[in-house]
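A.B. asks: Quick one, fold the following:
(one chain, ligands or ions: 1)
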Amino acid sequence: MQTKPIEMTLRPGLEGVPVTQSSICDIDGAKGNLSYRGYPIGDLTAQSSFLEITYLLIWGELPSPQQLRDFEGEVQMHRRMSFRVRDMMKCFPATGHPMDALQASAASLGLFYSRRAIDKPEYIYDAVVRLIAKIPTMVAAFQLIRKGQDPIQPRDDLAYSANFLYMLTEREPDPLAARILDRCLILHAEHSLNASTFSARVTASTLTDPYAVIASAVGTLAGPLHGGANEDVLAMLEEIGVPEKAGQYLDEAITNKRKIMGFGHREYRVKDPRASILQSLAEELFARFGKDEMYDVAQAVELEASKRLGAKGIYPNVDFYSGLVYRKLGIPRDLFTPVFAISRVAGWLAHWREQLGANRIFRPSQIYTGMKTRKWIPPEERNSSSVD
Ligand code: ACO
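C.D. replies: Predicted structure coming up:
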């Protein structure tokens with residue numbers, strides 16, 4: 001095949017390098033706009049449900065009432081997980097991170113549903129339903145298992161987010177709390193070609209099964225520079241302790257070249273629109289259930305950071321206020337990223353489907369910086385100090 005000569009310039013982190021075409025999500029990082037399939041994120045979080053948005057992301061159109069009822073019904077039917085997966089999860093160390101438990105559990109689904117008929121729309125639909133249905137069950141199950149309890153069964157009379165909170169906390173949630181979680185899931189569902197979505201597309205491009213695609217994306221999301229930052233934000237707010245100390249903390253961090261968690265984004269040069277919506281969701285929750293004392297600290301950090309980092313285009317990202325919302329919903333800190341994953345499965349699956357529609361396996365090149373041909377050295381002649 002004739003290909004154009006490729007410029008061999010290294011772009012660390014692939015910044016600004018297009019690697020695919022996509023019609024799923026659009027980000028205007030200068031203006032702070034985000035849309036899914038052309039619909040502004042603010043309208044979707046105000047009007048829609050998470051399952052409706054999952055359908056939109058994956059199939060490109062908002063579902064008709066009947067399509068939505070069918071999809072919700074299928075997801076509800078597949079919420080339960082096999083007793084074998086449950087027993088496997090019981091063997092996980094209780095001290096392990098829930099993201100690692102989720103990655104292993106998601107990957108295990110490939111053992112049960114291994115038929116790789118990825119060219120068949122029915123297979124794609126079934127895989128979407130299973131993953132969207134079972135991932136929350138797995139997150140909630142690990143939470144109970146690590147406390148020494150048996151996971152509780154999903155409740156068919158509860159909608160998606162309410163059922164997740166029920167399985168996690170063993171209490172039927174307040175409707176406002178369930179609706180706010182549902183809106184959080186919409187906000188986190190998709191964000192174009194971030195690290196975990198790229199990971200999902202690279203894995204998808206090998207034509208492996210969708211469970212491997214999701215497991216690889218979960219592993220990528222777990223890192224502290226990506227989804228894992230929301231755990232660190234609360235730790236940072238607690239370390240600062242009171243609003244008056246925000247400026248001093250930031251000065252020390254900036255002098256010591258430490259990143260402020262929950263700030264900065266490769267795409268946005270203004271406040272992440274999701275951070276603004278999450279902040280208003282936090283305020284809605286606080287008005288109903290009482291304020292989190294760390295909210296004042298967070299606002300002080302935002303104000304002081306804008307004075308120090310605003311000129312560089314560094315503002316709160318999606319992770320800055322999400323921890324405060326999740327904590328008010330009763331979600332333990334190390335489950336913040338798994339909850340993010342529950343939602344992002346929708347976006348990853350949308351990219352999986354899109355990748356399959358115009359697939360070419362990812363195989364970038366590198367600029368080799370190692371040594372040229374060397375002569376093999378017998379063991380007795382090797383110098384042990386030459387390796388780091
Ligand atoms: N605090 C302080 N300075 C920052 C921050 C921050 N949070 N983010 C970026 N900067 C500064 C860098 O020090 C660098 O400054 P310099 O040019 O003077 O050296 C400049 O801004 C560019 O930073 P990069 O790290 O090169 O920007 P990049 O686009 O690669 O990174 C990232 C984006 C990883 C999100 C970064 O902003 C960061 O580490 N933030 C903190 C972690 C975080 O909140 N991650 C969640 C992101 S949202 C998500 O993934 C769901």
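A.B. asks: Give me the number of neighbouring residues for the closest residue to the ligand within the stretch 251-388 of the chain.
C.D. replies: Going by C-beta to the nearest ligand atom, the ligand is nearest to residue 264 of the stretch 251-388 of the chain, at 2.3 Å. (C-beta placed from N, C-alpha, C; glycine too.) Neighbour count for residue 264, taken as other C-beta atoms under 10 Å: 19.
A.B. asks: you'd agree it is up against residue 318?
C.D. replies: No: between residue 264 and residue 318 there is no contact under C-beta atoms under 8 Å: 11.4 Å.
A.B. asks: quick revisit: and the residue of the stretch 251-388 of the chain closest to the ligand, what is it in contact with?
C.D. replies: By C-beta atoms under 8 Å, 6 or more residues apart in numbering, the residues touching residue 264 are 309, 314-315, 317.
A.B. asks: Serialize those to JSON lines and add fields for secondary structure and distance to residue 367.
C.D. replies: Shown next, in JSON lines, are those (DSSP: H, G, I helix; E, B strand; the rest coil; distance: C-beta to C-beta, whole Å):
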{"residue": "309", "secondary structure": "helix", "distance to residue 367": "32"}
{"residue": "314", "secondary structure": "coil", "distance to residue 367": "30"}
{"residue": "315", "secondary structure": "coil", "distance to residue 367": "34"}
{"residue": "317", "secondary structure": "coil", "distance to residue 367": "31"}
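A.B. asks: filter these down to the ones close to the ligand.
C.D. replies: Taking C-beta under 6 Å from any ligand atom as the test, the ligand is in contact with 309, 314, 317 out of the contacts of residue 264.
A.B. asks: Dump the residues you listed into TSV; add pLDDT and neighbour count as well.
C.D. replies: Putting these into TSV (pLDDT from 0 to 100; neighbours: other C-beta atoms under 10 Å) gives the following:
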residue	pLDDT	neighbour count
309	97	16
314	97	18
317	95	23
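A.B. asks: Just give the nearest non-adjacent residue to the residue of the stretch 51-200 of the chain found nearest the ligand, would you?
C.D. replies: Closest residue of the stretch 51-200 of the chain to the ligand, C-beta to the nearest ligand atom: residue 194 (5.9 Å). Among residues not flanking residue 194 along the chain, residue 226 sits closest, at 6.9 Å (C-beta to C-beta, 6 or more residues apart in numbering).
A.B. asks: Against the ligand, how distant is the one you found?
C.D. replies: 4 Å (C-beta to the nearest ligand atom, to the nearest Å).
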